[in-house]
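Novice: Sequence plus the predicted model coming up.
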Amino acid sequence: MKFKINLSNFIFGEMEIKDITLIMGMPRTGKTTILRLLYDIIYYANNGVLPAELLSIINAFDISSAEITLENFTVTCTKEEEASCKPGGQAKRNEKALYIPVEIEEIVKFRLVPPFESYYSFMELLFKILSGT
């Protein structure tokens, strides 16, 4: 799977993602940002829903334009007053993509790591977290 990114004067490049891909570098060089963008593009291509995190990355780094391509799916974002993104190309489901069950997506996105428990105990904990009780 080829991944191209061009965030005007911030991050640009191309990488091919295979069964095992290592991303290495010094701290604060954008490794996590690239992985978040990759996740967001896969999510957008598969579900047709633009993750808010993609817009927050563009707003946070004051990026005027961005173009991110994954295979045949391209997302172009611009920022005049507030960031907005539009898809282009064909969304293609990739069966090798990592799918996170909707029940635990918030925990993964917000880095809450519960201790190991049985599935039932974990779901009970998750329900308590999401309901605020």
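Specialist: Structure received.

Novice: got the residue ranges for the helices in this structure?
Specialist: 31-47, 52-60, 102-109, 119-131 (DSSP state H).

Novice: Who are the packing partners of the longest one?
Specialist: By that I understand helix 31-47. strand 2-7, helix 52-60, strand 65-70, strand 73-79 (3 or more CB pairs under 8 Å, 6 or more residues apart in numbering; DSSP states H and E). C-beta here means a position set from N, CA and C on the backbone, and glycine is covered the same way.

Novice: now with 6 Å?
Specialist: For helix 31-47, not one helix or strand is in contact under the criterion 3 or more CB pairs under 6 Å, 6 or more residues apart in numbering; DSSP states H and E.

Novice: quick one, it and strand 65-70 angle?
Specialist: 70 degrees (axes from the mean of the first three to the mean of the last three CA atoms, to 10 degrees).

Novice: do the same with the last one
Specialist: Angle between the axes of helix 119-131 and strand 65-70 is 160 degrees (criterion: the same axes, to 10 degrees).

Novice: What of the second one?
Specialist: Helix 52-60 and strand 65-70 meet at an angle of 150 degrees, taking the same axes, to 10 degrees as the criterion.

Novice: from here on, count from 868
Specialist: With the count now opening at 868, the last piece we talked about shows up as helix 919-927.

Novice: Appreciated, that's everything.
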